[in-house]
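Asks: model the structure of this input:
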Amino acid sequence: MLPPVLIISMCIVAIEVVVGFMGNGFITAVNSINWIKSKKISAADMILIFLSTSRFILQVTVMMYIHSLYFTDVFKLASVYKAFGAVWMFVNHASLWFSTWLYVLYCAKIINVSQWLFLQIKLRITGMVPQLLLGSLVVSSVTSLPFLWTTPSTYLCSSTGNCRENSTVHISDWDSSHLYILLLYFAGCFFPLVLSVVTSALLITSLCKHTKNMQCYVDSFRDPLIDVHLTVIKSIISFLILYLSSFAAQILLTLSTSQSQDAVKVAVSLVVAGAYPSIHSVILIIVNSKLKLAFRMLCQHFKCHLESVTP
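Replies: Here you go, the predicted structure:
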């Protein structure tokens, strides 16, 4: 029988996954339909399609992780464990890269710069998006495929390749396999996270400078660019908070198993890790005018449909 705290956490994660499926599915559907209709797609919409698709797959892996820990024996095979771990790490790293490029694109469009290097990036970033997305997939593969050669000796039997069923001491011990997995995880997360922080700093600095320059105008004047800055900055800050929290939670999950004595740690980590791809998809819909309009139209459609069928 599972501890009550784990049962509650799984219910919360299930809700998060449903929200994430709907949010990421909506983002993918709206942008894909617009792409088909117009025969063209903007750089931001292309990134959003890749991002929402990777998030969708990431949430599938979260559900499979929970299922593998508590409800099935198939993941106790070393080969299945390695394949699942490689897929999880790949989509996790790819999702972070896609988010980073989205905010780099926003930063390049919003910030006015005079330096030659930044000006070149501003002029070329839109055309470079397909190459950046492809490069992100390649880098994510490089940082995740080595997982297939890891040896999770802390809980896999070297002779049978199956999980040990009668030992909880070895499961919680630290060994080289944990370090190997964490190094792979850090290798794929470090550069996009640094780039995201730098992008956030540039946007905040730009907003402060722009606000200072606008002080010569009357108080009633409202520069639309300030609203754009604020919206993007809030989106980036929320993304960083969510991902850093998920980052810490996934590290704890990497060092935890179903036999861990600290059920509360595992439960909280599952909830926090599952919140990142779900909540951020909702934030993206809120801050994106096209997605927000499409969502309002969808809600209006359902409202009219309900009114028509209600006697």
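
Asks: mind listing what I8 touches?
Replies: A267 (CB atoms under 8 Å, 6 or more residues apart in numbering). For every residue, glycine as well, the C-beta is placed using N, CA and C.

Asks: for the helix or strand it falls within, give the mean pLDDT please.
Replies: Using DSSP states H and E, I8 maps to helix 4-38. Average pLDDT, helix 4-38: 88.

Asks: what comes up buried for that helix?
Replies: Across helix 4-38, burial judged by 16 or more other CB atoms under 10 Å covers 6, 9-10, 13, 16-17, 19-21, 23-24, 26-28, 30-32.

Asks: am I right that I41 is in a helix?
Replies: No. Using DSSP: H, G, I helix; E, B strand; the rest coil, the secondary structure at I41 is coil, not a helix.

Asks: which non-adjacent residue is nearest it?
Replies: W35 (4.3 Å; CB to CB, 6 or more residues apart in numbering).

Asks: for L291, same thing?
Replies: I285 (4.6 Å).

Asks: my read: the one you found touches K292, true?
Replies: Yes. Between I285 and K292 there is a contact at 6.3 Å, judged by CB atoms under 8 Å.

Asks: between these two, which is the more surrounded one?
Replies: I285 (20 against 13; other CB atoms under 10 Å).

Asks: which strand or helix spans the more buried one?
Replies: helix 263-287.

Asks: which strands and helices lie in contact with that helix?
Replies: Secondary-structure packing of helix 263-287 (3 or more CB pairs under 8 Å, 6 or more residues apart in numbering; DSSP states H and E): helix 4-38, helix 43-70, helix 224-254, helix 289-309.

Asks: what angle do helix 4-38 and it make with each other?
Replies: 20 degrees (axes from the mean of the first three to the mean of the last three CA atoms, to 10 degrees).

Asks: pLDDT on helix 263-287, on average?
Replies: Mean predicted confidence for helix 263-287 is 85.
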